[in-house]
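Participant: sequence below, structure please.
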Amino acid sequence: MAQAMVNFRMDEDLKKGMERACKEMGMSMTTAFIIYATKVSRERRIPFEIAADPDPFYSEANMERLRRSIAQMEATGGTIHDVNCDD
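Facilitator: Here you go, the predicted structure:
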């Protein structure tokens, strides 16, 4: 089987953490990435759950705060005050 080189960048602290974890499991980072690539290739999916940020910018809570701010701005003729979202 022909070999191919794959290069990419990652945060230095992330790399060090992964190296430590791989070492504790008795493998190299290369082996870990090969295991990952093999699983993705065979299953045609990411082999773990990926979730969105639980409170993204366009979350309903943030949109409600924006609606309250707009209503306050319209009611006061353009003056914006902090909106208490704990109501």
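Participant: now the host helix or strand of Ala75: mean pLDDT?
Facilitator: Using DSSP states H and E, Ala75 maps to helix 60-76. Averaging pLDDT along helix 60-76 yields 86.
Participant: output the below-cut-off pLDDT ranges for this protein.
Facilitator: Scanning the chain for pLDDT under 70 picks out the ranges 53-55, 79-87.
Participant: can you get me a residue count around Arg65?
Facilitator: 14 (other C-beta atoms under 10 Å). (C-beta placed from N, C-alpha, C; glycine too.)
Participant: gap between it and Gly77?
Facilitator: Distance of Arg65 to Gly77, computed by C-beta to C-beta, to the nearest Å: 20 Å.
Participant: circling back: so how far is the helix holding Ala75 from its chain's centroid?
Facilitator: Distance of helix 60-76 from the chain centroid (C-alpha atoms, centre = their mean, to the nearest Å) equals 28 Å.
Participant: flag every buried residue along it.
Facilitator: By 16 or more other C-beta atoms under 10 Å, helix 60-76 has no buried positions at all.
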